[in-house]
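Trainee: Just a sequence and a predicted model for now, questions to come.
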Amino acid sequence: DAGITQSPRHKVTETGTPVTLRCHQTENHRYMYWYRQDPGHGLRLIHYSYGVKDTDKGEVSDGYSVSRSKTEDFLLTLESATSSQTSVYFCAIRGAGTDTQYFGPGTRLTVL
Amino acid sequence: SQQGEEDPQALSIQEGENATMNCSYKTSINNLQWYRQNSGRGLVHLILIRSNEREKHSGRLRVTLDTSKKSSSLLITASRAADTASYFCATLSNNAGNMLTFGGGTRLMVKP
């Protein structure tokens, strides 16, 4: 898993509540990514980061925000969760000097 | 929108047979990658082929790339029950920074 952990691994929450997912890496990789995976859609990029405090939007960024105050942590926040944000969320890092990405184990989020 | 589209969506074969999965994409690319995902787990990188390469091998995996047709194929030879997983192609486009775009995946089942 290239030293990538995600927390929590499972979460059930209610519509309208804020939710923060954490991705932690131990190898000082510059690039980090948040994806969501839904049946029939593969993985879709939400946001990514190319350094501390440097982030950019992906394909499906509406309703999500991110922060990266330290190299090792990349946080994904749902300010007010909706049922359409029920999904499995994956964090990934980009290996140094390569285009290959390494994925964390995922967080299954259910919004009721 | 998905850059890569896998075909077939699902494939069931007997152990020992070969499995072929195809991926089509829409825009010019820098490279194309194949990933594997076991049920409930994160994605694992299998192989990367660059736009100036036509074929690449890694163990029992063979990947081809036809940039004129904007398509790629992944061949797994002498399949094993342990190859049962979902397989995704992902493209790195020339104008997309460092973002990968994933297809919807092929679910492969290898029966013992």
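Mentor: Now that the structure is in, tell me what you want to look at.
Trainee: In the chain, where is pLDDT below threshold?
Mentor: Defaulting to chain A. Filtered on pLDDT under 70, chain A yields the residue ranges A:1-2.
Trainee: hmm, I had chain B in mind actually
Mentor: Counting by pLDDT under 70, the ranges of chain B that qualify are B:1-4, B:95-97.
Trainee: Near chain A, which residues of it are found?
Mentor: B:1-2, B:4, B:30-31, B:33, B:40-45, B:48, B:88, B:90, B:92, B:97-105 (CB under 8 Å from any CB of the partner chain). Glycine gets a C-beta too; all of them are placed from N, C-alpha and C.
Trainee: Apply 10 Å and report the result again.
Mentor: B:1-6, B:9, B:30-31, B:33, B:35, B:37, B:40-48, B:50, B:86, B:88-90, B:92, B:96-105 (CB under 10 Å from any CB of the partner chain).
Trainee: Could you count how many residues lie near the closest residue to residue A:94 other than its chain neighbours?
Mentor: Distances taken as CB to CB, 6 or more residues apart in numbering or on different chains place residue A:31 nearest to residue A:94, at 3.7 Å, with adjacent residues excluded. Using other CB atoms under 10 Å in any protein chain shown as the criterion, residue A:31 is surrounded by 20 other residues.
Trainee: So residue A:31 sits against residue A:47, correct?
Mentor: No. Residue A:31 lies out of contact with residue A:47 (CB atoms under 10 Å); the separation is 11.7 Å.
Trainee: Need the overlap of contacts for the two.
Mentor: Shared contacts of residue A:31 and residue A:47 (CB atoms under 10 Å, 6 or more residues apart in numbering or on different chains): residue A:74.
Trainee: filter the residues of chain B next to chain A to the buried ones?
Mentor: Neighbour counting by 16 or more other CB atoms under 10 Å in any protein chain shown classes B:2-6, B:31, B:33, B:35, B:37, B:41-43, B:45-48, B:86, B:88-90, B:92, B:99-105 among the residues of chain B next to chain A as buried.
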